[in-house]
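> Sequence plus the predicted model coming up.
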Amino acid sequence: MNALRRRLLKLATLLGAFTILWACNAPFIPVPPPGATFTSQLVDDGMGTQKTVWVTHGLPSMNAALATYYVYNERLGTGIIATAGPDGTFTGMPMDGVENDHIDLSYRTPNGDYSDSLCLLLTTALGSGGVSAPSCRP
């Protein structure tokens, strides 16, 4: 009977150690980007006419401090990459697009963790005053 107790004690110790190790190594839960606003501007297209380009402005988030942002236009299959400042904000380079294009926004932290993706409508209508552009998906 003494050998059985020792085996049960060893098993209980191993299960307890496993539980403690798992609790200390909890999985990373990705946080979606805080959102963005868009501004449009007319530029010369090089052939004597003008076209509209869009500039993305990322909203502040301490989760995205110094992160690399990916801004991708689903319809065109193009996008930009921008680096956030210490407060998580960024201003991207001008990119092509038309009103209501679906823009996927995500980031990678300096530690290598990726955020969830956020889909935004390319519009200036509601994306001002610190309020993100409207979501593509409900």
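Yep, that arrived. Residues are numbered from 1 along each chain as shown.

> can you tell me how far the residue nearest the centre of the chain sits from D44?
The centre of the chain sits closest to S106, judged by Cα atoms, centre = their mean, with a distance of 2.7 Å. Using Cβ to Cβ, to the nearest Å, S106 is found at 31 Å from D44. All C-beta atoms are positioned from the backbone trio N, CA, C, and that covers glycine.

> Find me the pLDDT at the residue nearest to the centre of the chain, would you?
With respect to pLDDT, S106 has a value of 95.

> Skipping adjacent residues, who's closest to it in space?
S117 (4.5 Å; Cβ to Cβ, 6 or more residues apart in numbering).

> OK, contacts around the one you found?
P32, D104, L105, S106 (Cβ atoms under 8 Å, 6 or more residues apart in numbering).

> ranking these by neighbours, who comes first?
L105 (24 neighbours; other Cβ atoms under 10 Å).

> residue ranges of the strands in the chain, please?
36-44, 50-58, 68-73, 78-83, 90-91, 95-96, 102-108, 118-121 (DSSP state E).

> From the rest of the structure, what touches the second one?
Contacts to strand 50-58, defined as Cβ under 8 Å, 6+ apart, come from residues 33-45, 64, 69, 71, 80, 82, 84, 88-98, 103, 105, 122.
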